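1. Okay, here's the prediction I keep looking at, along with the sequence it came from:
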Amino acid sequence: MSELIITRIRDTATKLGLAHLAETLPDLIKRAEEATMGYVDFLDLVLGEEAGVKDGRRFRNALKLSGLPHHKTLDDFDFAFQPDLDVRKIRDLATLAFLESRSNIALLGPPGVGKSHLAIALAVAACQTGYSIYFTSLDDLVGKLRLADAQGKLAWQIRSYLRPSLLIIDEVGYLPLDRTDANLVFQLISRRYEKGSIIITSNKAFSEWGQVFTDEVLATAILDRFLHHCDVISINGPSWRLKDRLTASDPSPSTPSVTE
């Protein structure tokens with residue numbers, strides 16, 4: 001292929017915003033020649049490369065805006081440490097069918113068992129597939145709703161939480177809410193009902209949510225909407241955060257005790 005044609009293709013690619021093609025055209029041509037590609041195969045190669053680069057860029061930008069504290073995946077989760085956890089169920093949820101049906105997920109268990117990790121891993125998988133996601137703790141969520149309400153912008157703030165396909169609300173139950181704040185949460189859950197998926201992590205059983213939201217009736221109304229289409233995963237194993245500390249505190253059989 002002549003330099004004139006290569007220059008013309010590169011200039012056209014730049015005008016069309018195909019930056020990857022403009023930068024890698026000689027390499028793509030070399031790969032096509034070495035594989036003796038036909039015209040259709042070469043076109044498929046070029047478009048596939050460009051789409052892959054744009055998808056990667058979109059994914060990275062979406063993660064930056066997601067609020068996720070880290071980007072761990074299911075491959076980073078040690079299922080052997082939580083043997084009672086149904087691995088097949090988690091893998092099934094990772095197919096993201098729950099997003100298609102706008103269903104919810106509840107991850108319940110004591111602190112440190114991996115609830116947030118699983119929620120984030122499912123969010124990362126959703127983001128990779130092109131779904132919009134947003135992560136927040138319940139405390140931050142309530143703080144923003146309360147401020148927006150005081151400024152007369154509550155409707156706008158709630159709409160911002162309705163936009164993502166998947167909303168993750170972490171740490172439900174660590175601090176009790178007063179009735180006003182609980183009502184703000186109810187408004188959000190009610191507005192997202194059957195319109196977008198929610199993943200909630202909580203250290204409290206549902207029977208204790210009346211204490212979390214101060215009002216049994218309000219807690220029941222929240223649960224009624226959240227649990228209507230919901231997979232509930234309970235994790236009752238040991239704490240990740242205490243694993244190394246507990247291991248270090250256990251003397252090995254060959255180590256004499258203080259009393260010996």
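-> Received it, and whenever you're ready, just let me know what you need. Residues are numbered from 1 along each chain as shown.

2. Burial check on the residue lying closest to L154 once chain neighbours are set aside, number of neighbours?
-> Spatial nearest neighbour of L154, excluding adjacent residues (CB to CB, 6 or more residues apart in numbering): A148 at 4.8 Å. The way it works is simple: take the backbone N, C-alpha and C, and place the C-beta from them, glycine included. Counted with other CB atoms under 10 Å, the neighbours of A148 add up to 17.

3. same check, this time on D55
-> D55: 12 surrounding residues under other CB under 10 Å.

4. What pLDDT is listed against it?
-> The model reports D55 with a pLDDT of 83.

5. hmm, back to that, so the residue nearest to L154 is in contact with Y161, correct?
-> No - in this structure A148 lies outside contact range of Y161 using CB atoms under 8 Å: 10.2 Å.

6. ok so, going back, can you give me the distance of the residue nearest to L154 to A221?
-> A148 sits at a distance of 21 Å from A221 (criterion: CB to CB, to the nearest Å).

7. before we move on, what about A94?
-> 30 Å.

8. do I169 as well
-> From I169 over to A221 the distance is 16 Å, taken as CB to CB.

9. do D140 as well
-> Distance, D140 to A221, by CB to CB: 22 Å.

10. try G48
-> Counting by CB to CB, the gap from G48 to A221 is 49 Å.

11. who has more neighbours, the two?
-> Neighbours per residue (other CB under 10 Å) separate G48 from A221, with A221 holding more: 17 against 10.

12. Next up, the contacts around that one.
-> F186, S190 (CB atoms under 8 Å, 6 or more residues apart in numbering).

13. helix or strand for it, which one?
-> Element membership for A221, per DSSP states H and E: helix 216-226.

14. Quick check: next helix or strand after that helix?
-> Next along from helix 216-226, by DSSP H and E: strand 230-234.

15. intersection of neighbour lists for A148 and Y161?
-> Common neighbours of A148 and Y161 are not found (criterion: CB under 8 Å, 6+ apart).

16. P83: how many residues sit nearby?
-> Per other CB under 10 Å, the neighbour tally for P83 reads 8.
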